[in-house]
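Participant: missing the sequence, but the structure's below:
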(Lines give C-alpha, C1' and ligand atoms only; values in the text may rest on other atoms or scores of the structure.)
Protein backbone atom coordinates (compact mmCIF):
# COMPACT_ATOMS: atom_id res chain seq x y z
CA UNK A 1 0.00 0.00 0.00
CA UNK A 2 1.36 3.45 -0.91
CA UNK A 3 2.33 5.57 2.06
CA UNK A 4 0.18 8.65 2.52
CA UNK A 5 2.07 11.85 1.67
CA UNK A 6 2.30 14.44 4.45
CA UNK A 7 0.68 17.86 4.11
CA UNK A 8 4.16 19.43 4.09
CA UNK A 9 5.26 17.13 1.22
CA UNK A 10 2.15 17.97 -0.82
CA UNK A 11 2.72 21.71 -0.25
CA UNK A 12 6.33 21.32 -1.42
CA UNK A 13 5.14 19.43 -4.49
CA UNK A 14 3.02 22.45 -5.50
CA UNK A 15 6.23 24.43 -6.02
CA UNK A 16 7.08 22.16 -8.96
CA UNK A 17 5.57 22.40 -12.42
CA UNK A 18 4.32 18.95 -13.44
CA UNK A 19 6.33 17.38 -16.24
CA UNK A 20 8.98 20.11 -16.22
CA UNK A 21 12.73 19.59 -15.86
CA UNK A 22 14.82 22.43 -14.49
CA UNK A 23 18.33 23.78 -14.88
CA UNK A 24 20.75 22.94 -12.05
CA UNK A 25 20.52 26.53 -10.76
CA UNK A 26 16.69 26.44 -10.69
CA UNK A 27 16.66 22.96 -9.15
CA UNK A 28 18.97 23.97 -6.29
CA UNK A 29 16.76 26.97 -5.55
CA UNK A 30 13.60 24.86 -5.61
CA UNK A 31 14.98 21.98 -3.55
CA UNK A 32 15.99 24.42 -0.81
CA UNK A 33 12.42 25.77 -0.77
CA UNK A 34 11.02 22.22 -0.41
CA UNK A 35 13.18 21.62 2.69
CA UNK A 36 10.74 23.03 5.23
CA UNK A 37 11.23 20.81 8.29
CA UNK A 38 12.74 22.05 11.54
CA UNK A 39 15.96 20.06 11.07
CA UNK A 40 18.68 20.82 8.50
CA UNK A 41 17.69 18.45 5.70
CA UNK A 42 20.29 16.71 3.55
CA UNK A 43 20.20 17.51 -0.17
CA UNK A 44 20.76 14.40 -2.31
CA UNK A 45 21.61 13.87 -5.95
CA UNK A 46 19.98 10.89 -7.68
CA UNK A 47 21.28 9.87 -11.10
CA UNK A 48 19.77 7.03 -13.16
CA UNK A 49 22.43 5.55 -15.41
CA UNK A 50 22.13 3.41 -18.54
CA UNK A 51 24.18 0.56 -17.05
CA UNK A 52 23.50 -2.97 -15.81
CA UNK A 53 25.58 -3.29 -12.61
CA UNK A 54 25.37 -7.08 -12.58
CA UNK A 55 28.13 -7.00 -15.24
CA UNK A 56 31.59 -6.13 -13.91
CA UNK A 57 32.36 -3.82 -16.86
CA UNK A 58 29.22 -1.73 -16.19
CA UNK A 59 29.69 -0.97 -12.50
CA UNK A 60 30.14 2.64 -11.46
CA UNK A 61 31.90 3.25 -8.17
CA UNK A 62 34.30 5.82 -6.80
CA UNK A 63 34.83 8.70 -4.40
CA UNK A 64 35.26 12.46 -4.71
CA UNK A 65 36.01 15.30 -2.31
CA UNK A 66 33.19 17.84 -2.64
CA UNK A 67 34.49 21.45 -2.69
CA UNK A 68 32.24 22.47 0.21
CA UNK A 69 31.88 19.16 2.07
CA UNK A 70 28.54 17.58 2.97
CA UNK A 71 27.78 19.47 6.18
CA UNK A 72 28.08 16.22 8.12
CA UNK A 73 31.06 15.57 10.33
CA UNK A 74 32.32 11.99 9.89
CA UNK A 75 33.75 9.72 12.57
CA UNK A 76 36.87 8.17 11.02
CA UNK A 77 38.42 4.92 12.22
CA UNK A 78 42.04 4.18 11.20
CA UNK A 79 43.51 0.67 11.19
CA UNK A 80 47.24 1.40 11.62
CA UNK A 81 50.31 0.38 13.63
CA UNK A 82 53.77 1.69 14.43
CA UNK A 83 54.62 5.23 13.38
CA UNK A 84 51.34 5.49 11.45
CA UNK A 85 49.45 5.65 14.77
CA UNK A 86 50.75 9.15 15.51
CA UNK A 87 50.18 10.20 11.89
CA UNK A 88 46.54 9.09 12.07
CA UNK A 89 45.98 10.79 15.43
CA UNK A 90 47.52 14.05 14.19
CA UNK A 91 45.32 13.94 11.08
CA UNK A 92 42.19 13.86 13.26
CA UNK A 93 41.12 10.20 13.22
CA UNK A 94 38.49 9.54 15.89
CA UNK A 95 39.59 5.94 16.58
CA UNK A 96 43.10 4.57 15.97
CA UNK A 97 44.43 1.05 16.47
CA UNK A 98 44.63 -2.48 15.10
CA UNK A 99 43.71 -5.81 16.74
CA UNK A 100 41.85 -4.18 19.65
CA UNK A 101 39.56 -2.37 17.17
CA UNK A 102 38.99 -5.62 15.26
CA UNK A 103 37.86 -7.29 18.49
CA UNK A 104 35.60 -4.37 19.34
CA UNK A 105 33.90 -4.58 15.92
CA UNK A 106 33.58 -8.36 16.19
CA UNK A 107 31.75 -7.66 19.45
CA UNK A 108 29.15 -5.55 17.60
CA UNK A 109 30.58 -2.00 17.82
CA UNK A 110 30.08 0.18 14.71
CA UNK A 111 30.17 3.74 16.05
CA UNK A 112 32.06 5.19 13.06
CA UNK A 113 31.18 6.42 9.56
CA UNK A 114 34.24 5.42 7.55
CA UNK A 115 37.27 3.17 8.00
CA UNK A 116 40.72 3.72 6.49
CA UNK A 117 43.74 1.41 6.66
CA UNK A 118 47.35 1.06 5.58
CA UNK A 119 47.96 -1.85 3.14
CA UNK A 120 49.92 -3.83 5.77
CA UNK A 121 46.80 -3.90 7.97
CA UNK A 122 44.51 -5.51 5.41
CA UNK A 123 45.38 -9.03 6.57
CA UNK A 124 43.93 -8.11 9.96
CA UNK A 125 41.05 -6.02 8.58
CA UNK A 126 40.15 -8.83 6.14
CA UNK A 127 38.75 -10.80 9.08
CA UNK A 128 35.99 -8.19 9.29
CA UNK A 129 34.85 -8.52 5.67
CA UNK A 130 31.47 -10.06 6.50
CA UNK A 131 30.77 -7.39 9.12
CA UNK A 132 32.07 -4.27 7.35
CA UNK A 133 31.28 -5.20 3.72
CA UNK A 134 27.45 -5.20 3.93
CA UNK A 135 27.57 -1.87 5.81
CA UNK A 136 29.76 -0.23 3.16
CA UNK A 137 32.52 0.28 5.75
CA UNK A 138 35.26 -1.97 4.33
CA UNK A 139 38.44 -0.03 3.39
CA UNK A 140 39.02 -0.16 -0.36
CA UNK A 141 42.10 0.93 -2.38
CA UNK A 142 39.88 2.11 -5.28
CA UNK A 143 38.16 4.57 -2.92
CA UNK A 144 41.43 5.82 -1.44
CA UNK A 145 40.69 4.28 1.96
CA UNK A 146 43.58 1.77 1.77
CA UNK A 147 46.78 3.79 1.43
CA UNK A 148 50.16 4.49 3.02
CA UNK A 149 49.27 8.21 2.98
CA UNK A 150 46.91 7.74 5.89
CA UNK A 151 46.95 11.43 6.87
CA UNK A 152 45.65 12.43 3.41
CA UNK A 153 42.93 9.74 3.51
CA UNK A 154 41.70 10.96 6.91
CA UNK A 155 41.86 14.66 5.90
CA UNK A 156 39.82 13.97 2.75
CA UNK A 157 37.14 12.12 4.70
CA UNK A 158 36.93 14.94 7.23
CA UNK A 159 36.81 17.52 4.42
CA UNK A 160 33.75 15.94 2.80
CA UNK A 161 34.78 13.02 0.61
CA UNK A 162 31.73 11.10 -0.60
CA UNK A 163 31.52 7.64 -2.10
CA UNK A 164 29.16 6.90 -4.97
CA UNK A 165 28.13 3.56 -6.44
CA UNK A 166 25.32 2.17 -8.53
CA UNK A 167 22.59 0.19 -6.80
CA UNK A 168 21.07 -2.93 -8.40
CA UNK A 169 18.90 -0.78 -10.68
CA UNK A 170 21.82 1.33 -11.94
CA UNK A 171 20.98 4.39 -9.80
CA UNK A 172 23.46 6.50 -7.84
CA UNK A 173 22.25 8.27 -4.67
CA UNK A 174 24.66 10.64 -2.96
CA UNK A 175 24.50 13.64 -0.58
CA UNK A 176 25.76 17.00 -1.87
CA UNK A 177 25.21 19.13 1.25
CA UNK A 178 22.60 20.54 3.59
CA UNK A 179 19.59 22.79 3.01
CA UNK A 180 21.39 25.47 5.05
CA UNK A 181 24.17 25.68 2.41
CA UNK A 182 23.95 28.68 0.12
CA UNK A 183 22.86 28.01 -3.48
CA UNK A 184 26.32 28.45 -5.00
CA UNK A 185 27.93 25.89 -2.69
CA UNK A 186 25.23 23.32 -3.42
CA UNK A 187 25.51 23.93 -7.15
CA UNK A 188 29.31 23.61 -7.10
CA UNK A 189 29.08 20.37 -5.09
CA UNK A 190 26.41 19.08 -7.50
CA UNK A 191 28.56 19.89 -10.55
CA UNK A 192 31.67 18.26 -9.08
CA UNK A 193 29.81 15.04 -8.25
CA UNK A 194 27.97 14.87 -11.59
CA UNK A 195 31.16 15.53 -13.58
CA UNK A 196 32.92 12.77 -11.62
CA UNK A 197 30.11 10.27 -12.30
CA UNK A 198 30.19 11.17 -16.01
CA UNK A 199 33.98 10.68 -16.16
CA UNK A 200 33.53 7.29 -14.46
CA UNK A 201 31.47 5.98 -17.42
CA UNK A 202 32.39 2.28 -17.65
CA UNK A 203 33.66 0.69 -20.86
CA UNK A 204 30.67 -1.66 -21.03
CA UNK A 205 28.03 1.12 -20.95
CA UNK A 206 26.10 1.30 -24.23
CA UNK A 207 23.59 3.90 -25.44
CA UNK A 208 22.60 6.88 -23.30
CA UNK A 209 24.71 6.89 -20.13
CA UNK A 210 22.88 9.50 -18.00
CA UNK A 211 19.14 8.75 -18.16
CA UNK A 212 17.80 11.13 -15.51
CA UNK A 213 19.02 13.52 -12.81
CA UNK A 214 17.01 14.49 -9.73
CA UNK A 215 17.70 16.57 -6.61
CA UNK A 216 15.73 16.10 -3.41
CA UNK A 217 15.75 17.14 0.23
CA UNK A 218 15.37 14.47 2.94
CA UNK A 219 11.61 14.98 3.32
CA UNK A 220 10.82 16.64 -0.01
CA UNK A 221 9.83 15.64 -3.55
CA UNK A 222 12.37 15.04 -6.31
CA UNK A 223 13.19 18.01 -8.56
CA UNK A 224 14.05 16.79 -12.09
CA UNK A 225 17.03 18.37 -13.88
CA UNK A 226 17.48 18.67 -17.64
CA UNK A 227 19.94 16.05 -18.90
CA UNK A 228 22.43 17.74 -21.23
CA UNK A 229 24.99 14.92 -21.53
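Facilitator: Now that the structure is in, tell me what you want to look at. Predicted model only: the values in this text are computed from it and were never measured.
Participant: Counting by contacts, list what the longest helix along the chain packs against.
Facilitator: As assigned by DSSP state H, the longest helix anywhere in the chain is helix 183-199. Judged by 3 or more Cβ pairs under 8 Å, 6 or more residues apart in numbering; DSSP states H and E, helix 183-199 is in contact with helix 24-34, strand 42-49, strand 61-65, strand 161-165, strand 171-178, strand 210-217. (C-beta placed from N, C-alpha, C; glycine too.)
Participant: what's in contact with the helix or strand following the third one?
Facilitator: Meaning strand 61-65. Downstream of strand 61-65, the first helix or strand assigned by DSSP states H and E is strand 76-79. With contact meaning Cβ atoms under 8 Å, 6 or more residues apart in numbering, strand 76-79 is reached by 84, 88, 92-98, 101-102, 112-118, 121, 124-125, 139, 150, 154, 157-158.
Participant: In PyMOL, how would I select just the buried ones from those?
Facilitator: Filtering the contacts of strand 76-79 down to the buried ones (16 or more other Cβ atoms under 10 Å) takes a single PyMOL command:
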select buried, resi 84+88+93+94+95+96+97+98+101+102+112+114+115+116+117+118+121+125+139+150+154+157+158
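Participant: domain ranges for the protein?
Facilitator: 13-70+161-225, 76-158 (automatic domain parsing).
Participant: Output those domains as a markdown table; include the columns mean pLDDT and distance to residue 6.
Facilitator: Below are these laid out as a markdown table (pLDDT from 0 to 100; distance: least, Cβ to Cβ, whole Å):
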| stretch | mean pLDDT | distance to residue 6 |
| --- | --- | --- |
| domain 13-70+161-225 | 92 | 8 |
| domain 76-158 | 94 | 28 |
